[in-house]
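Undergrad: have a look; sequence and predicted model below, questions after that.
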Amino acid sequence: MEKFLKRFSVLVISLFCLSVFGWVVKHQSQGDALLGDKVGKGLMSFVSFLDLFEQTVEEVQKLPETFVPTPADFEAINKLDQDVFALISYSNEDKGRSVEIRNLRTEASLHRWDIPNPFQAHDRIMDPLLLPGKRLVYSYNGVTGLFCLDSTGTELWKQDTIAHHHSLNLDSAGNIWACSYTKENGGFIIYRAFYDLDGRELVYIDNTITQLDPNTGKILFHKSISEILLENNLEEYIIKSANIEDPIHLNDVQPALKTTAWYNEGDVFLSFRNSSALMHYRPSNNQVIRIIEGAFYSQHDIDFLNDSTLIFFNNNSHTHWSGRPGNWRVADSRIDMGDFHSNTMAYDLKNEKLFVYEAKAFSDNGIFTFTEGMQEVLADGSLWIEEQNSGKLWVIKEGEVIYKQVLKSHHPGHHHLPNWTRILTSQP
C-alpha cells in the first residue's frame, strides 16, 4: 500500500507539473511574456525541438543525389602556393544550378551564373565551358541541347537539335566539340543502331560527336560513332563490350590543337567507357588512325601531356557494379589478388606504351571513383584529380597531397557532388 501511495503521489505531482508547463507554453505562444523575453524564447526553442528535428530529417531524406554526405573525419588540406582557377557547377539554395569561377587556393568566387532547373532534382549541369568574354556554354547533361549565356546570364543562342552529354572541349579554331545524341521525336537517349546475333536483333544506344560554332551554336560537323566504326571496318568493337544496350558510352572528345609527328591539328581523341578503348579519329577524311587498348578500364577525360603523349583518368573498374556472388559457395581459402584503385594513365604514342602517372598517390590515399573522374596536369607539373563519386578534389605534387577539399554546400553534413570541374589554364 505504501509503495502504491508513493507512486500515485509522484503521478499526481508529475501531472500537475506538466499542466503548469503546458499552461506557461500556451500563454507564451499567445504573446504573454510570463517568464521574461530570454527565458520565454528559450522555452519556445525547447518545445520546438521535435519540429526542428522532424524538419531536418525530412530535409536530409529529400536531398537529391547532387549532394554527398561528408565523412565525419574528413580533413581538408590546402598547401597550394599558386592560384588554381576552376569552373564549377553545383545545386544552389533556390534548387537551381550555379556555375562559378572559383580560385581554389583562396576559395574566392570570381564570377557566377545562376540558372533555373526546370528538370528533375538530380539533373546536373556537367562540364560547362567558358568562352572569351565570360560567355558560358552549358546543358543539363543528357536532357537538353546546348545553351550559351553572356556574363550577365542573358541567353545568346541555343542548339537543341542534339542532346549534349559528358564533355565539351574547344579546338584550335575556337569551335566546340561535344559528346552528343541525335534527337528523334523529342527523345534524347534512344536505340539508334542494331546488329544481328544468332538470328536475334540486338538494339543499342548510338553516340555522336558534334562540332559547333561558338558564336551561333550552328552545327559544323556531326557524326555517328557506329557509322565511324562501320565505315572503318571496326564494327567488332560493338560486340566486345560487356554492355549490350550501351556498348560505346562515349564520354570525351578531345581535339588536337596542333600538328605533331603523331597526330594532325583537327584530329580528335575519343574515350569509350564501356569498351575500355580510346580512338584517334580524323574527321577530315573519316579515318580511324588507331584504337588504343590495354591495362585500363572504364576510363574518362583524355588530355595531352605533351606532343607525343596522351593522359587520361583510368577508373580501373568494371563497367557494371555487382555484389558478392551467390551462385556457389565462397571458398574458405581464397587467393588474394590485391587492392585496386583508380589512377591516371599516360600513353606514349611514339613508343606505343602505357605508364601510370603519380601511381603511389592514388593507392596511398585510396583514390577511386567507379564512374566519371577527371584529371589535369597543372603548370607546375602537379596533378589535379576529381574523385567524382566521393566528391573529393585533390592536387598531388611529387607524391605529396598539397590540396584536398570538397565543395561545401548549404546542407550541414553534406557537400556538393562535383560535376566535372574544369581547370582554367589562365586567370579569367
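TA: Looks like it came in fine. Remember, it's a predicted structure, so these values are computed and weren't measured experimentally.
Undergrad: who's the residue lying closest to Thr70 once chain neighbours are set aside bridged to?
TA: Leaving aside its sequence neighbours, Thr70 sits nearest to His415 (Cβ to Cβ, 6 or more residues apart in numbering; 4.9 Å). Yep, even glycine has a C-beta here, placed from its N, CA and C like the rest. Applying DSSP bridges to His415 gives these bridge partners: Val68, Lys408.
Undergrad: just the pLDDT at His415, thanks.
TA: His415 carries a pLDDT value of 98.
Undergrad: cool, Leu43 as well?
TA: 47.
Undergrad: got the CA coordinates for stretch 188-195 in CSV?
TA: Only the C-alpha atoms of stretch 188-195 are listed here, as CSV (Å, rounded to 0.1, in the frame of the first residue of the first chain):
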residue,chain,number,x,y,z
PHE,A,188,17.4,12.0,-76.4
ILE,A,189,18.7,8.5,-75.5
ILE,A,190,17.2,6.1,-77.9
TYR,A,191,18.3,2.8,-79.6
ARG,A,192,19.5,4.1,-82.9
ALA,A,193,21.5,1.1,-84.1
PHE,A,194,21.3,-2.7,-84.1
TYR,A,195,23.1,-5.9,-85.1
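Undergrad: show me what counts as buried in stretch 258-271.
TA: 262-263, 266-271 (16 or more other Cβ atoms under 10 Å).
Undergrad: re earlier: so how far is Val406 from the residue nearest to Thr70?
TA: As judged by Cβ to Cβ, to the nearest Å, His415 and Val406 stand 4 Å apart.
Undergrad: give me the common contacts of the two.
TA: Both His415 and Val406 are in contact with 68, 70, 391, where contact means Cβ atoms under 8 Å, 6 or more residues apart in numbering.
Undergrad: closest to Cys179 out of the residues you listed?
TA: The nearest member of the shared contacts of His415 and Val406 to Cys179, counting by Cβ to Cβ, is Gly391 at 22.5 Å.
Undergrad: apart from its chain neighbours, what residue comes closest to the closest one?
TA: Val68 (4.2 Å).
Undergrad: go through the helices and strands of the protein and name the one with the lowest mean pLDDT.
TA: helix 49-61 (a mean of 48; mean pLDDT, DSSP states H and E).
Undergrad: endpoints of stretch 343-358, how far apart?
TA: 8 Å (Cα to Cα, to the nearest Å).
Undergrad: buried ones in it, by neighbour count?
TA: For stretch 343-358, by 16+ other Cβ under 10 Å, it's 343-347, 349, 354, 356-358.
Undergrad: where along the stretch 151-300 of the chain do the helices fall?
TA: With DSSP state H, counting those that start in this stretch as the criterion, the stretch 151-300 of the chain has helices at 225-231, 236-240.
Undergrad: packing partners of the one helix or strand Leu393 maps to?
TA: Under the criterion of DSSP states H and E, Leu393 resides in strand 392-397. If you count contacts as 3 or more Cβ pairs under 8 Å, 6 or more residues apart in numbering; DSSP states H and E, strand 392-397 packs onto strand 383-387, strand 400-405.
Undergrad: now the longest one: mean pLDDT?
TA: Right, strand 400-405. Mean predicted lDDT for strand 400-405 stands at 97.
Undergrad: what's the answer for the shortest one, then?
TA: Along strand 383-387, the predicted local confidence has a mean pLDDT of 98.
Undergrad: heads up, I number from 52, so please use that
TA: Done: numbering now begins at 52, and the last item shifts to strand 434-438.
Undergrad: can you list the domain ranges for the protein.
TA: In terms of domains, the chain is parsed into 121-148+348-370+392-479, 175-344 (source: automatic domain parsing).
Undergrad: any weak-confidence spans in this structure?
TA: For the chain, the stretches with pLDDT under 70 are 52-112.
Undergrad: still on that earlier bit, what lies in contact with the strand holding Leu444?
TA: 131, 135, 155, 409, 412, 416, 418, 429, 431-438, 452-458, 469, 472.
Undergrad: which among these count as buried?
TA: By the neighbour-count criterion of 16+ other Cβ under 10 Å, these include these buried positions: 131, 135, 155, 409, 412, 416, 418, 433-438, 452-458, 469, 472.
Undergrad: where along the stretch 302-451 of the chain do the strands fall?
TA: Residue ranges of the strands in the stretch 302-451 of the chain, as given by DSSP state E, counting those that start in this stretch, are 319-323, 328-333, 338-343, 351-357, 360-365, 394-399, 404-408, 425-428, 434-438, 443-448, 451-456.
Undergrad: just list what the third one packs against, helices and strands only.
TA: To tie it back to what came earlier, the one meant is strand 338-343. Contacts defined by 3+ Cβ pairs under 8 Å, 6+ apart place strand 338-343 against strand 328-333.
Undergrad: so what strands line up beside the strand it packs on?
TA: Short version: by DSSP bridges, strand 328-333 pairs with strand 319-323 (antiparallel), strand 338-343 (antiparallel).
Undergrad: next, the angle strand 394-399 makes with that strand.
TA: 40 degrees (axes from the mean of the first three to the mean of the last three Cα atoms, to 10 degrees).
Undergrad: quick check: buried residues in strand 328-333?
TA: Buried residues in strand 328-333, counted by 16+ other Cβ under 10 Å: 328-332.
Undergrad: just grab the bridge partners of the closest residue to Val446 other than its chain neighbours for me.
TA: Nearest residue to Val446, sequence neighbours excluded (Cβ to Cβ, 6+ apart): Tyr454, at 3.6 Å. Assessed by DSSP bridges, Tyr454 has beta-bridge partners Asn129, Val446.
Undergrad: Asp178 contacts His217, doesn't it?
TA: Yes. Asp178 is in contact with His217 according to Cβ atoms under 8 Å; the separation is 6.8 Å.
Undergrad: identify the contacts common to those two.
TA: 192, 471.
Undergrad: those two - which one has more neighbours?
TA: Asp178 (28 against 23; other Cβ atoms under 10 Å).
Undergrad: spit out the contact partners of the more buried one.
TA: Contact analysis of Asp178 by Cβ under 8 Å, 6+ apart lists 192, 217-219, 470-471, 473.
Undergrad: could you do Glu126 as well?
TA: If you count contacts by Cβ under 8 Å, 6+ apart, then Glu126 has Lys455 around it.
Undergrad: secondary structure class for it?
TA: Per DSSP: H, G, I helix; E, B strand; the rest coil, the local secondary structure of Glu126 is coil.
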